[in-house]
Every structure is written in structure tokens, then in C-alpha cells.
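*Asks:* Provided below for reference: sequence and predicted model.
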Amino acid sequence: MPELPEVEVVRRGIGRWATGRTVEKVTIHDPRSLRRHALGTTLAEPARLDSFAAALTQQTLLAPQRRGKFLWIPLQGPAAPAESASGSEPVQQSLLIHLGMSGQVLIDDPSAPAQKHLKITLQLGGECTDLSGSGDEGSRGEDARPKQLRFIDQRIFGGMQISELVASTHPSGSVPAAAVHIAPDPLEPGFDEETFFRTLRRRKTGLKRALLDQGMVSGIGNIYADEALWLARLHYLRPTETITRAEAARLLDGVKTVMLAALEAGGTSFDALYVNVNGASGYFDRSLQSYGRTGQPCRRCADTPRAATIRRDPFMGRSSFWCPTCQPRPRRARA
DNA sequence: AGATAGTCCTGTGGGC
DNA sequence: TGCCCACAGGACTATC
């Protein structure tokens, strides 16, 4: 399940291989991946899909951005004839991508066979202008060959849409309108711990529910929520209004620790034409401390007199994993 | 405002 | 072997 680290790996991959390239052709293999595109407009279905292709065609892909699990590519139109007469600021559009549960983005050779769950293909021309890639792979000549950006999604919880950029505290200065309700993520330079703490205290809900609320803090999914809570030694049902400043700091520390570790494990794995994603950053199998470890010994208290095994509780239609010794259940629990 | 339930999907795996 | 069903998950909507 792609959470923040996996999305960041994808962002870097797209930046390395697609920045500066121009969309020459858009193919929609499955319109369900555009479910959220042009929502709220009165466009009839065929026109709605056409508007996606039209908004992208001949646009240049600028450096991709991310907030939480939301990924977007700002678009730049063909050099417009002097339009300053109108005086109004042109609206800048972006291609907004969410990977959902099973989304992948690949940069592929056009001749590569279609993947089983291929949903959208962008034919890319031009040449990649990103200079951050290591010089040893992807020579200039290779970068100038036609490529395809492919969106693949087995379960179709993810999708693409065109969304206009609006001013924001995001480091890039803007976010897509369709993602304005998403809070800053803990790895964002402007993330404010004090705001996080105060928002948390004002809530009257359970700690994990708050962590999963993307409007409160973004980028955290079910897996990393459990891992961060384990690291911070906090129970997932702790009422948010009882969290102390020190506990909030510990929690954020846990969130950042697990995300950075996953990023390190997954960030090295993407290679030339395969912008890896799909959750499995390589981190999952090896380093998880609580998630999915039902009945297995907790690695922290294992050698103590109170050694416990990881428990699994049903929670919000999914599961919560926790250690009864390290994360004692509060007297007053709150879902 | 917050809680809850329902919706969108498909592959996997357990039970029989 | 094969069928059925529960389950997994993020984000959004509707309803209370």
C-alpha cells in the first residue's frame, strides 16, 4: 500500500525521467481511473474524458511535487503568444495523481507490452531536462527517445485528474485545488509541530483515527500509523485530548523515523525505466515491528519479564496491531 | 464537528 | 478442482 515514502519514490522517478518532456498523446484505457477528473462540472461523459486528454496534450511536464500521498505534475503550455493584454493571470493546471492502494507509475519504452492493469498512457516527446539524476545511467541520447508514462492500477482506488494550482504553504507555493484540504506532511519543510499538537488536542477522537485523517496530518496510512504508534509507545485508542506535548513529539518522531527508514529502503530500488511503486518498498518485509505480526513476540519487550506478543484488533474496517506491554490500553479508550 | 456506514475495486486465500 | 465469501485498503460521500 503506497504511503508517503512510496509516493516520494515515485515522485523522484518521474522527476528523473519525465521532467521537461511534452505530452504528445493521451490514451485512456480505462475511464474508471478518471473518476475524479472534472467532478462538479456539467460535462457529459465523453466530453469529460476528452477534457482530460485535451488539457494534457502538448503540455510540458514540470518538476513533480508531493504532499502526503498526493502527487502532482505542474503543466506548462506551449509558449503562448503575448497575452498580457488581458492582464489576468493565466491559471496553471496540474496533473494530479493518487496511487490509491495499487497504483503504479512506470516510464516505459513505447514498444513495451501493455501491463495487465494499464489504465492511462501518456506518450512523451522532447527531452528530459532534469539534471538531478546520476550521470552514469540514462545518457542524453537515451533521454531523448520517446517514452511513455503509464498509470497502472489493479484495484482502481487511485486515479488521475487535471486540477488547477492554487496558492498554498506548500514549498512549491501551490497545490492542486482538488488537494487543498490535505494537511502538510511531517517531512515537509514547513510542517509545524506546534500546530499539529494544538489541532490534536482540540480533537475529541482516538489517536489513530486522527493520524489517518489526511486533513490533520497527511501521508500516514494504516501500516505506518501502527508502526509510529509502536515506536512512540502509544495506544491507538488514546483520546487525542489527553496527549501531552512530549507524547505528540514522540509520535511525530516515530512517524518521521519510520517514513525515512522506508524511504531509504525503497528509494534506492528504482532503476532506469521502472519507476517502482505498489507499496512494497522492500521495507515492509524486513522492518515492520507491529503491523501484520499478530501472535509474534514484540521485539522491544521480548527479553523482559513482561514480554508480550503483538495483538490484532479490528478497527475502522481494517486492523490495528499493537503490543499490550509497550502500548498499554488507556482506561478511557476512544475509537 | 465528529462518528459511522457505504462505495469504489480485484486478487488472494481459507473453507468446504 | 472449484466455487463462495471474507478480506484488504484510501479517500470520499451521505447520513445521523
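*Replies:* Arrived safely.
*Asks:* only C-alpha atoms for contact and neighbour calcs from this point on.
*Replies:* Noted.
*Asks:* per-domain residue ranges of chain A.
*Replies:* Domain assignment for chain A by automatic domain parsing gives A:4-79+A:90-179, A:193-322.
*Asks:* mean neighbour count, mean pLDDT and distance to DNA strand B for those domains - can I get that in TSV?
*Replies:* Supplementary listing: the domains of chain A in TSV, determined by neighbours: other CA atoms under 10 Å; pLDDT from 0 to 100; distance: least, CA to the nearest atom of the strand, whole Å:
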stretch	mean neighbour count	mean pLDDT	distance to DNA strand B
domain A:4-79+A:90-179	19	89	4
domain A:193-322	18	84	3
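*Asks:* of all those domains, which lies closest to DNA strand C?
*Replies:* Each of those has some distance to DNA strand C by CA to the nearest atom of the strand; the shortest is domain A:193-322, at 3.3 Å.
*Asks:* off-centre distance for the closest one?
*Replies:* Chain-centre distance of domain A:193-322: 16 Å, with CA atoms, centre = their mean, to the nearest Å.
*Asks:* next, the closest residue to A:Leu165 other than its chain neighbours: phi, psi?
*Replies:* Distances taken as CA to CA, 6 or more residues apart in numbering put A:Pro176 closest to A:Leu165, at 4.3 Å, once the chain neighbours are dropped. Backbone geometry at A:Pro176, expressed as degrees, to the nearest 10, gives phi -60, psi 140.
*Asks:* ok, A:Pro176 to A:Gly159 distance?
*Replies:* Look at A:Pro176 and A:Gly159: by CA to CA, to the nearest Å, they are 14 Å apart.
*Asks:* may I have the helix or strand harbouring A:Gly13 as PDB, with CA atoms only?
*Replies:* Taking DSSP states H and E as the criterion, A:Gly13 maps to helix A:4-18. Taking Å, rounded to 0.1, in the frame of the first residue of the first chain, the C-alpha atoms of helix A:4-18 are listed here in PDB:
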ATOM      1  CA  LEU A   4       4.200   8.700   1.800                       C
ATOM      2  CA  PRO A   5       7.600   7.100   1.300                       C
ATOM      3  CA  GLU A   6       6.400   5.100  -1.700                       C
ATOM      4  CA  VAL A   7       4.800   8.100  -3.300                       C
ATOM      5  CA  GLU A   8       8.000  10.000  -2.800                       C
ATOM      6  CA  VAL A   9      10.000   7.300  -4.600                       C
ATOM      7  CA  VAL A  10       7.600   7.600  -7.500                       C
ATOM      8  CA  ARG A  11       7.900  11.400  -7.500                       C
ATOM      9  CA  ARG A  12      11.600  11.200  -7.700                       C
ATOM     10  CA  GLY A  13      11.400   8.700 -10.500                       C
ATOM     11  CA  ILE A  14       9.000  10.800 -12.500                       C
ATOM     12  CA  GLY A  15      11.200  13.800 -12.000                       C
ATOM     13  CA  ARG A  16      14.300  12.000 -13.200                       C
ATOM     14  CA  TRP A  17      12.700  10.600 -16.300                       C
ATOM     15  CA  ALA A  18       9.900  12.900 -17.300                       C
END
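*Asks:* which residues touch stretch A:51-65?
*Replies:* A:11-12, A:14-15, A:18-27, A:37, A:71-78, A:95, A:161-162, A:172 (CA atoms under 8 Å, 6 or more residues apart in numbering).
*Asks:* just the ones of those in helices?
*Replies:* Judged by DSSP state H, helices contain the following of the contacts of stretch A:51-65: A:Arg11, A:Arg12, A:Ile14, A:Gly15, A:Ala18.
*Asks:* overlap between those residues and the residues near DNA strand C?
*Replies:* Here nothing survives when the ones in helices among the contacts of stretch A:51-65 are matched to DNA strand C using CA under 7 Å from any atom of the strand.
*Asks:* quick one: those as CSV, columns for distance to A:Pro2 too.
*Replies:* Listed next are the ones in helices among the contacts of stretch A:51-65 as CSV, based on distance: CA to CA, whole Å:
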residue, distance to A:Pro2
A:Arg11, 12
A:Arg12, 14
A:Ile14, 16
A:Gly15, 18
A:Ala18, 21
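*Asks:* if we take those, which one ends up nearest to A:Glu3?
*Replies:* A:Arg11 (12.3 Å; CA to CA).
*Asks:* all helices of chain A, in order?
*Replies:* A:4-18, A:45-56, A:140-143, A:193-202, A:207-212, A:222-232, A:245-267, A:283-287.
*Asks:* just the residues contacting the fifth one, thanks.
*Replies:* Residues external to helix A:207-212 that are found in contact with it (CA under 8 Å, 6+ apart): A:200, A:216-218, A:220-222, A:225-226, A:235-240, A:334-335.
*Asks:* make it 7 Å
*Replies:* A:Met216, A:Val217, A:Ile220, A:Gly221, A:Ala225, A:Tyr236, A:Leu237, A:Arg238, A:Pro239, A:Thr240, A:Ala335 (CA atoms under 7 Å, 6 or more residues apart in numbering).
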